[in-house]
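>>> Pasting the sequence and the predicted model now:
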Amino acid sequence: MGSGMSRDREFGDYYAARGRAVRATAYLLCGDWHLAHDLTQTAFIKLYLAWPRIQRKEPVDRYVRRTLLRVFLDERRRPWRRERPTAEFVDLDPGAPAGTDRVDDRLILRRALAAVPARQRAVLVLRFWEDLSVEETAELLGISVGTVKSQAARGLQTLRRLLGVPDTASTGKE
């Protein structure tokens, strides 16, 4: 560790390298770019406040993921967030390249993912977007390995149902 200026520079470098990826993860969790921005901002504020301690105790990426998940799940518990908008889920990524406004598989998958319950969605995002192991996901969410497995299975089952894909895992058929 160095001076405050060195700390600020290290933090700024980390944010520049990881901020966009963290925001993408936040978007997959909440399905709203504006809320994803807010969640990311809150997670990085918490990271900045804990920066000297975090660098000595644990990997920074793990701290940011855990903080983002907690902020997301806390946000879902707030009474004013329980209302669901009735408008179609719209992919308005301000960072997307121009000319990618057609409806494609990613948009359909994002729409379906937004309909999966929050805890299951968090497990799916960590396991399949962040590519974390079952054990890492359990640690980040503070739940058992068995709960991660069951939440992932339920989340995938919900996604398959929403996407109209036959659930071959439960029937044993290909």
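Okay, I see it.

>>> Could you chop the chain up by domain?
For the chain, whose domains are defined here by automatic domain parsing, the residue ranges read 1-83, 103-174.

>>> For residue 30, give me its contacts.
36, 39, 72, 75, 114 (CB atoms under 8 Å, 6 or more residues apart in numbering). Bear in mind the C-beta positions are built from the backbone N, C-alpha and C, glycine included.

>>> Return the closest of these with respect to residue 164.
The shortest distance between residue 164 and any of the contacts of residue 30, using CB to CB, involves residue 114 and amounts to 16.4 Å.

>>> There's contact between the closest one and residue 31 in this structure, I believe.
Yes - contact status for residue 114 versus residue 31: in contact at 3.4 Å, counting by CB atoms under 8 Å.

>>> Which of those two has more residues huddled nearby?
residue 31 (20 against 17; other CB atoms under 10 Å).

>>> re the thing from before, for the contacts of residue 30, which single residue is the most surrounded?
When neighbours are counted by other CB under 10 Å, residue 39 leads these with 25 neighbours.

>>> That one: which element?
Assessed by DSSP states H and E, residue 39 sits inside helix 33-57.

>>> show me where pLDDT drops low in this protein?
Counting by pLDDT under 70, the chain contains low-confidence residues at 1-4, 55-57, 78-103, 167-174.

>>> could you give the angle of the longest helix belonging to the chain to helix 33-57?
With secondary structure taken from DSSP state H, the chain has its longest helix at helix 4-30. Inter-element angle recorded for helix 4-30 and helix 33-57: 130 degrees (by axes from the mean of the first three to the mean of the last three CA atoms, to 10 degrees).

>>> what's the neighbour count on residue 124?
As a burial measure, the neighbour count of residue 124 was computed by other CB under 10 Å and equals 23.

>>> got the contact list for it?
Listed by CB under 8 Å, 6+ apart, the contact set of residue 124 reads 113, 116, 152, 155, 156, 159.
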